[in-house]
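*Asks:* here is my input, please return the structure:
(one chain, ligands or ions: 1)
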Amino acid sequence: MRIASLSLTKPTTKVSRNKNFGKLQAGYLFPEVARRRREHQANNPDAKILSLGIGDTTEPIPPTIVEAMRDAAIGLGTRQGYSGYGAEQGQAAVREAITQRLYAHVGRKPSEIFVSDGSKCDIGRLQLMFGSQVSVAVQDPAYPVYVDSSVIMGMTGEYNGQDFDGITYMVCRPENDFFPDLTQTPRTDIIFFCSPNNPTGAAATRQQLTELVAFAKKNGSIIVYDAAYALFISDPDCPKTIFEIPGAEEVALETCSFSKYAGFTGVRLGWTVVPEQLRYADGFPVMNDWNRIMSTIFNGASNIAQAGGLAALSDKGWAEVHELVAFYKENAAILKQTFEGLGFNVYGGKDAPYIWIQFPGRASWDVFGEILQNCNIVTTPGSGFGAAGEGFVRISAFGHREDILEAVERFKKVYA
Ligand SMILES: Cc1ncc(COP(=O)(O)O)c(CN[C@@H](CCC(=O)O)C(=O)O)c1O
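*Replies:* Numbers count the residues shown, from 1 in each chain. I've put the predicted structure just below:
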């Protein structure tokens, strides 16, 4: 997507820019990765570039789900099947199905489920709800949206050459098994926590999440728990929702998505769970403000997407979803085994669709460029996810099987 270049002509407006944008050091990570891919392709027009960078699904949406969206779309062309604006919180049937499939066993109710157009969008709306006066902690490395949206919202100070003043970075590296030392972590109002983590692929254990909930309770913090990859977890000791932890309903909300489960990255459907018990310091329910945000600046998820989501949550659809997740997990296993066989320190790839590969002492953008140049493969540089990501590269397991197999052959040729 082209953005306007800095114009040197005299501006017409007298409107001041939101100064927080000026704190951001570069464009958002993934468009920059895409720009460098285009540049490489332009310089090497015959190169067959494989993309293992952005975590974008590649396989067709399963039939049960597609048929439901097809029927919903056709229905919109009929008098009796037509529907306009829906409930901003989501169709009751979808809220009920999400609850029954994922949360009833941990005490959550349909009224606490808010269906949306995706988790990234909800993260931005959550930031709007929290406002600029809250303090924020993020895992480091982490999904860039947590930091960038905090900067844009004015929750941070300036960039200090490594990261942003005012944010607490909870370092997650091999040395601490990718879980922060909470005894050394200062209190913040909001704690963004993603498990399985993007980009490291680390899934937090029940014990670790119990510590996190206790930490939030002690400090009176709110955990924004991002479970976008929870279905990829196969380790029985790693919870698939924060609400498996007793007491989490008092300190956590959870955002999740159909993107990586049903191939909905382009269809756009997610949800956020805000428990009734989650209260601000003054006792006011967070759910009430979340509902106000969703009804004020959001007009509900697409009715076609919701039809697909409902089908995905049916017994048949859910089985198809698991087949899709299993396919990507197989891709991850192939990539993980390849890099382990090449002697790299490799993390993730077991409970997540991301493999986190260490290149000790190397700048991750340099490794990104080397892999692009020598393998014609797009990855994502670890430093793009935070300072603690330096020296790592993330490889996505979202790809056609033939591309994954081609990629490993290329990696073997270059790194054997
Ligand atoms: C932790 C996490 N949460 C939410 C999302 C987005 O969910 P949606 O429901 O699709 O909005 C992603 C996607 N991260 C991908 C894609 C890049 C991006 O979202 O900026 C990635 O990290 O490659 C993610 O990694």
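*Asks:* need the strands for the chain, in chain order.
*Replies:* Assigned by DSSP state E, the strands in the chain fall at 50-51, 113-116, 136-140, 167-171, 190-194, 222-226, 252-257, 270-273, 345-348, 354-358, 377-378, 380-381, 392-396.
*Asks:* tell me the strands beside the first one, with direction?
*Replies:* Within its sheet, strand 50-51 is paired with strand 377-378 (parallel), according to DSSP bridges.
*Asks:* next, the residue lying closest to residue 327 once chain neighbours are set aside: phi, psi?
*Replies:* The shortest distance from residue 327 to any non-neighbouring residue, by C-beta to C-beta, 6 or more residues apart in numbering, is to residue 59 (6.3 Å). Any C-beta I mention is one placed from the backbone N, CA and C, and that applies to glycine too. When read as degrees, to the nearest 10, the backbone of residue 59 gives phi -90, psi 150.
*Asks:* i'd like the first residue to be 59 from this point on
*Replies:* Okay, using 59 as the starting number, the last item reads as residue 117.
*Asks:* and for the spatially closest residue to residue 331 that is not a sequence neighbour, the neighbour number?
*Replies:* Nearest non-adjacent residue to residue 331, counting by C-beta to C-beta, 6+ apart: residue 312, 4.5 Å away. Neighbours of residue 312 under the rule other C-beta atoms under 10 Å: 26.
*Asks:* contacts for stretch 158-169?
*Replies:* For stretch 158-169, contacts defined as C-beta atoms under 8 Å, 6 or more residues apart in numbering pick out 150, 153-154, 156-157, 170-171, 298-299, 301-302, 307, 314, 331, 333-334, 371, 376.
*Asks:* please name the residues that touch the residue nearest to residue 331.
*Replies:* Listed by C-beta under 8 Å, 6+ apart, the contact set of residue 312 reads 283-285, 299-301, 330-331.
*Asks:* what's next to stretch 71-79, contact-wise?
*Replies:* Where contact means C-beta under 8 Å, 6+ apart, the residues beyond stretch 71-79 that reach it are 209-212, 214.
*Asks:* pretty sure residue 296 contacts residue 265?
*Replies:* No. Using C-beta atoms under 8 Å, residue 296 is not in contact with residue 265; the gap is 10.2 Å.
*Asks:* now the helices for this structure?
*Replies:* Using DSSP state H, the helices found in the chain span residues 87-101, 121-133, 150-156, 177-188, 202-211, 264-277, 317-320, 344-354, 361-370, 373-399, 422-433, 459-473.
*Asks:* pull out the buried positions in the longest one.
*Replies:* So the one you mean is helix 373-399. Using 16 or more other C-beta atoms under 10 Å as the test for burial, helix 373-399 gives 375-376, 378-379, 382-383, 386-387, 389-390, 392-394, 396-397.
*Asks:* and these, which is closest to the ligand?
*Replies:* residue 386 (12.7 Å; C-beta to the nearest ligand atom).
*Asks:* quick one: the closest one and residue 417, what's the gap?
*Replies:* Distance from residue 386 to residue 417, counting by C-beta to C-beta, to the nearest Å: 24 Å.
*Asks:* residues of the protein that sit close to the ligand?
*Replies:* Residues of the chain lying close to the ligand (C-beta under 6 Å from any ligand atom) are 88, 112-113, 176-179, 201, 252, 256, 284, 286, 315, 317, 323, 328.
*Asks:* OK, contacts around residue 226?
*Replies:* By C-beta under 8 Å, 6+ apart, residue 226 lies in contact with 193-196, 243-244, 246.
*Asks:* for ChimeraX, write the selection for the buried entries among the residues of the chain next to the ligand.
*Replies:* A single ChimeraX command selects the buried members of the residues of the chain next to the ligand (16+ other C-beta under 10 Å):
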select :112,113,176,177,178,179,201,252,256,284,286,315,317,323,328
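*Asks:* for the residue nearest to residue 331, which residues make a bridge with it?
*Replies:* Beta-bridge partners of residue 312, as defined by DSSP bridges: residue 283, residue 331.
*Asks:* who has more neighbours out of residue 296 and residue 265?
*Replies:* Just comparing residue 296 and residue 265: by other C-beta under 10 Å the higher neighbour count belongs to residue 296, 20 against 11.
*Asks:* state the distance from the spatially closest residue to the more buried one that is not a sequence neighbour to residue 326.
*Replies:* Leaving aside its chain neighbours, residue 296 sits nearest to residue 261 (4.0 Å; criterion: C-beta to C-beta, 6+ apart). Residue 261 sits 25 Å away from residue 326, going by C-beta to C-beta.
*Asks:* ditto for residue 190
*Replies:* To residue 326, residue 190 is 27 Å away according to C-beta to C-beta.
*Asks:* and those two? Which one has more around it.
*Replies:* Comparing residue 190 with residue 326 by other C-beta under 10 Å, the one with more neighbours is residue 326, at 17 against 13.
*Asks:* how about the more buried one: what's its closest non-neighbour residue?
*Replies:* Nearest non-adjacent residue to residue 326 (C-beta to C-beta, 6+ apart): residue 175, at 4.4 Å.
*Asks:* next one: residue 436
*Replies:* residue 111 (3.9 Å).
*Asks:* tell me the pLDDT at the one you found?
*Replies:* Listed pLDDT for residue 111 reads 97.
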